[in-house]
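Participant: next one to model:
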Amino acid sequence: MLLLSGSSLMNAQTNSVSPYSRYGFGDLYHGLNSRYMGMGGASLALPDGLNLNFGNPASYSNLKLTTFDVGFEFSMINQQQESPAVNIDNNSSGMRNLSVGVPLTDWWGSGLSLQPYSFKGYQINSSRVLPSDTNVTITDQFFGEGGLNSVIWGNSFRVAKGLSLGFNLNYVFGSLRESTIVNFDSFNFLDTRSDRESQISGVFFNYAAQYQYEMANDRYLSAALRFQNASGLSSQDLSYDYTIDGTFSRDTLIGGSSSNGEYTLPSELSFGLSYGKYNPKSYQGAWAVNFDYEMYNGSEFESTIGSNLLTDGYKMELGGFITPRYSFESLSRGTGFFNNVEYRIGGFYEKTPLNVAGQDLFNYGITFGLGLPINQRQLAPGETKFSTINIGVVAGQRGTLANNLIREQYISFYLSVTFNDKWFIDYKYR
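Facilitator: Have a look, this model is predicted:
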C-alpha cells in the first residue's frame, strides 16, 4: 500500500509527479482544452461554434468554422506528509493537445486530436524490519514511469432540430514501467530488483447526445449525455527479476519473460446542463452557466498483473463565462479590448477512484480563465477568421494528511491558441 508506515518517504519524481499515479493507468488526463478548464471543466452541454470539445462527441456539429487548436500545460505541485515530515515542490509541463475540426456540412462535423491519456511517474521509499531479525532494516523502493497517448477521431450528426448524436473512436497506445527494489542494510542478504513493463494498445468508443432548446430573447437551454462502455486493451507484459549489488545486476532470477495480457477500461456515464444566451453577432454565446456530473466505474478496472485496483468515483463541475460586449446593452457598441474578452470562472469536486489505506481520496478546486481575441486584418471579401489565446488557471488539492497519506496542493496553467477559418470560399475578386 502507499506510504503507510511511519518511516515512509516520498522523493521527487518526473513526468507525472504524483505517487498516486501508481494506481491503474496512472493519472488520467481530462482531455479538455484551455477554454473549458477555465470553467471548472463544465462543458458537456455547452454549444460552441469555435472550439473543439472532445469531452462531448456530439458537439462537433456545432462547429461553424474550421478549427485548429494547440495547447500546453504547466503545473506546480506541493506534496506534504506528516510523519516523517515531508514537504516537496514538484512541477510538470508539456504539450497537451493538437487538434483540428471541420464542419463538413451544415449537419455533420468531424474532429481529430492527439493528446495524452494518462501519466505515470513516482518514486516511493518505505522502511521495515526483517521479521526474523529486528536488527536488519529493509528499504523498499518503488519506481514508476511512462504513460499512454490517445488519437481521437470524432464525428457528430444533427439528426433533428436541436438534437445531435456523435461518437469518438479512441486509439490508445504507450507503455507503463514499474520497478521494485528490496535493499537490506546487512551484507548477509542479497538485494533484489523486479522490473515490469506493459506495452498497451487498443481501441474504444464513447458516445454522446446533445439537445438544444431555443428560448425567447436569444436564451437557450441545452442538455447532454455521454456514455463509454467497459472496453479491453491488449498488453505485452515484460518481466525481469534479478539480484543487484548497488545499482548493478549480479544474477538474473527471471530474465525477459514475456506474456500477453489485457486491461479492462472502466465504463463512464456523464450528463450536463447549460443555460445561456446566444450571441447573434458571433459563433459563441454571450454568457452561459454550465453544470456537469460524471460517474467513473473504477471497480471495473482489471489488469493481468492483478494489483492497483480502483474504486468507483464521481465528479461535479460548475462554471460559466461572460463576454461584456455581448451581454450588456450599454457595452454593445464598445470596441475596447477588455469588452471583447471572455471571462471564465468555475469549480469542481471529485471523489477519485482511489482508496488508499481505507481512505477515499478527494480532488477539488477553483478555476479561472480568459479568452483573448486577436484582431484579424486585411481580410479578403467573404473571408471569416478568428484567433483566440485561451488561458486557464486551476488551483486545487488532492489527497489528505490523514492515515499518513500525502496531500497535494497544486496550481496548473493552461495555454492554447485557437485558429478559426472559413474554408471552401469561391473568390470572385480581391
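
Participant: can you give me the helices for the stretch 1-150 of the chain?
Facilitator: Read by DSSP state H, counting those that start in this stretch, the stretch 1-150 of the chain holds these helices, from start to end of the chain: 34-37.

Participant: repeat that for the stretch 301-430 of the chain.
Facilitator: So, for the stretch 301-430 of the chain - with DSSP H, counting those that start in this stretch - the helices run 324-327.

Participant: host element of the closest residue to I200 other than its chain neighbours?
Facilitator: Spatial nearest neighbour of I200, excluding adjacent residues (CB to CB, 6 or more residues apart in numbering): S235 at 4.7 Å. Yep, even glycine has a C-beta here, placed from its N, CA and C like the rest. Using DSSP states H and E, S235 maps to strand 231-245.

Participant: okay, T252: pLDDT?
Facilitator: At T252 the predicted local distance difference test score is 56.

Participant: pull out the buried positions in the longest strand seen in the chain.
Facilitator: Taking DSSP state E as the criterion, the chain has its longest strand at strand 133-160. Burial within strand 133-160, assessed by neighbour count using 16 or more other CB atoms under 10 Å, is assigned to 138-139, 141-148, 150, 152, 154-158.

Participant: low-confidence ranges, the chain, go.
Facilitator: By pLDDT under 70, the weakly predicted segments of the chain are 1-16, 245-256, 305-308, 376-383, 424-430.

Participant: tell me which residue of it is furthest from the middle?
Facilitator: Computed with CA atoms, centre = their mean, the maximum C-alpha offset from the centroid of the chain is found at N188, amounting to 46.9 Å.

Participant: tell me the contacts of that residue?
Facilitator: Contact analysis of N188 by CB atoms under 8 Å, 6 or more residues apart in numbering lists V136.

Participant: against S132, how distant is it?
Facilitator: Distance of N188 to S132, computed by CB to CB, to the nearest Å: 12 Å.

Participant: cool, and Q199?
Facilitator: Using CB to CB, which is the criterion applied here, Q199 is 39 Å from S132.

Participant: which one of those two has more residues nearby?
Facilitator: Q199 (17 against 6; other CB atoms under 10 Å).

Participant: just checking, the more buried one touches S235?
Facilitator: Yes - between Q199 and S235 a contact is recorded at 6.3 Å, counting by CB atoms under 8 Å.

Participant: quick revisit: and the residue farthest from the centre of the chain, backbone torsions?
Facilitator: Torsion angles at N188 (phi, psi; degrees, to the nearest 10) stand at phi -80, psi -10.

Participant: now do the strands in the stretch 151-300 of the chain.
Facilitator: Taking DSSP state E, counting those that start in this stretch as the criterion, the stretch 151-300 of the chain carries its strands at 163-184, 191-214, 219-228, 231-245, 248-265, 268-277, 287-297.
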